[in-house]
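Sequence first, predicted model second:
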Amino acid sequence: MLRPVLLQVDNFTPPTRTPWGGRWIVDQLKRDLLIPVVREELGVVGEAWEFSVEPSFPSRTASGNLLADLIAADPVGWLGEPAVRRFGPQTPLLVKLLDASANLSVQVHPDPDDPALPPEQSGKPEAWLILHAAPGAGIWLGFRDGVTRAEVRRTIVEGGRVDELMNFIPVQAGDGFVIRPGTVHAIGAGVSLIEPQFVQAGRRGVTWRFWDWNRRYDAEGNEDEAGQPRPLHLDRSLSVATLDGATGEAFVQSCRAGEVVLHHGALATRRLCEEPWFRVDVLEGTGDAALDDAPGVQAITCTRGFARLSWDGGAIDLPAGRTAGVPAAGPEVTLLQEDAQVVRTMDGTLVA
């Protein structure tokens, strides 16, 4: 019988890939999970890929096995029959932790089924739950009222400031957003979040950069005025960017997570979002909850406090900063929390 699995704690991206990263993930969230000498030797960490079968940074279990291999050995058992019919023998779910000490580039993701993408690429809808925000920190979502594609293009070509055309939203811990295909966005310095994503199984998620704050970098990923800029994808970005519908504050409101309360009490549960690609619940407080209401695989991430997954004959401890995978088939699993916040990522309505 399949059992939940604990996933590795240090599936980090290198500074060359995420030069904007900080130290919050390793010095705060995962501090007690890393050997001190290892933690001190790490540079900036922009992302931790907590639950991933994506080829770029695939997750391994705590015992060293690839999560993708476990799923491939029993796709129906891990994913459930509806998901296998829709997506094949691997999961499209991807869960990251992200920490920004500098502004991320202004970017956009295409639709997962965009016919212009080659077979090895996928769009990647996202959801964000803010875990930490420095005073005054925020995000950029969409463009202000009246901004046109021609104005965006001209600003970039002339070396202007694209952020001045966008909506800036100050954020705090607990805020939630859904970043649908075509949403132009950027995460600001001082923001840390958990980011469930949808990436077509076996493909790599696509990010198209509009603008990178006119920055240049050396070969090690450090900002350097004498270095080279990261590549931009202006034509592709503009071709999929949402600019023809709602803009300004109306667009920002359309991106805010609905946060429907599913359960009140000492262990409160809210539905951060329910999209075609994923469902995300946030459980906060002390108590226990059954995890038997999802038809597919689940990614369970403890982002604060202490949690435990328990079933007949076994248990997994989840201190802050750890993630487990729960298969569709197997024993009934109960989540126990002690003054904790847990993020539960599940299949969306495409396979409900």
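Received the coordinates, thanks. The model shown is predicted, which means the values in this text are computed figures rather than measured ones. Numbers count the residues shown, from 1 in each chain.

Burial check on the spatially closest residue to Gly77 that is not a sequence neighbour, number of neighbours?
Among residues not flanking Gly77 along the chain, Ala329 sits closest, at 4.2 Å (Cβ to Cβ, 6 or more residues apart in numbering). C-beta here means a position set from N, CA and C on the backbone, and glycine is covered the same way. Neighbours of Ala329 under the rule other Cβ atoms under 10 Å: 14.

So Thr155, which state does it fall into?
Going by DSSP: H, G, I helix; E, B strand; the rest coil, the secondary structure assigned to Thr155 is helix.

Revised request: answer the last question for Ser63.
Relying on three-state DSSP, one would call Ser63 coil.

pLDDT at the residue nearest to Gly77, what is it?
Turning to Ala329, the model gives it a pLDDT of 94.

In contact with it, which residues?
Shown in contact with Ala329 (Cβ atoms under 8 Å, 6 or more residues apart in numbering): Met1, Leu2, Asp74, Val76, Gly77, Trp78, Gly80.

who wins for most neighbours among those?
Going by other Cβ under 10 Å, Trp78 tops the contacts of Ala329 with 26 neighbours.

I'd say that residue and Gly330 touch.
No. Contact criterion Cβ atoms under 8 Å: Trp78 and Gly330 do not qualify, at 9.1 Å.

which neighbours do these two share?
In contact with both Trp78 and Gly330: Leu2, using Cβ under 8 Å, 6+ apart.

Val252 is in what secondary structure piece?
If you go by DSSP states H and E, Val252 is part of helix 248-255.

what's the helix or strand just after that helix in contact with?
Following helix 248-255 in sequence order, the next helix or strand is strand 260-263 (DSSP H and E). When contacts are defined by Cβ under 8 Å, 6+ apart, strand 260-263 is touched by residues Ala268, Thr269, Arg270, Arg271, Glu274, Asp281, Ala289.

picking up where we left off before, and the helix holding Val252, what's buried?
Buried residues in helix 248-255, defined by neighbour count with 16 or more other Cβ atoms under 10 Å: Phe251, Val252, Cys255.

list the helices and strands the lowest-mean-pLDDT helix or strand in the chain packs on?
Every helix and strand in the chain was compared by mean pLDDT, DSSP states H and E; the lowest is helix 36-41, with a mean of 78. Helices and strands touching helix 36-41, by 3 or more Cβ pairs under 8 Å, 6 or more residues apart in numbering; DSSP states H and E: there are none.

Run the chain-centre distance for it.
25 Å (Cα atoms, centre = their mean, to the nearest Å).

go on, stretch 131-142?
The answer for stretch 131-142 is 15 Å, by Cα atoms, centre = their mean.

Let me know the average pLDDT across that stretch.
Here the average pLDDT along stretch 131-142 is 97.

distance between the ends of it?
22 Å (Cα to Cα, to the nearest Å).

Just the buried residues from the contacts of strand 260-263, in PyMOL please.
Typed into PyMOL, the line below selects the buried ones among these, using 16+ other Cβ under 10 Å:
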select buried, resi 269+270+271+274+281+289
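
Secondary structure, distance to Val95 and pLDDT for the contacts of strand 260-263 - can I get that in JSON lines?
Listed next are those as JSON lines, based on DSSP: H, G, I helix; E, B strand; the rest coil; distance: Cβ to Cβ, whole Å; pLDDT from 0 to 100:
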{"residue": "Ala268", "secondary structure": "strand", "distance to Val95": "21", "pLDDT": "95"}
{"residue": "Thr269", "secondary structure": "strand", "distance to Val95": "18", "pLDDT": "95"}
{"residue": "Arg270", "secondary structure": "strand", "distance to Val95": "18", "pLDDT": "95"}
{"residue": "Arg271", "secondary structure": "strand", "distance to Val95": "16", "pLDDT": "95"}
{"residue": "Glu274", "secondary structure": "strand", "distance to Val95": "16", "pLDDT": "94"}
{"residue": "Asp281", "secondary structure": "strand", "distance to Val95": "13", "pLDDT": "96"}
{"residue": "Ala289", "secondary structure": "strand", "distance to Val95": "19", "pLDDT": "96"}
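
tell me which of the contacts of strand 260-263 is nearest to Ala246?
Relative to Ala246, the closest of these is Glu274; by Cβ to Cβ it sits at 20.2 Å.

List the contacts of the residue nearest to that closest one when sequence neighbours are not counted.
With Cβ to Cβ, 6+ apart as the criterion, Glu274 has its nearest non-adjacent residue at 6.6 Å, and that residue is Thr349. Counting by Cβ under 8 Å, 6+ apart, Thr349 touches Glu274, Glu275, Pro276, Arg279.
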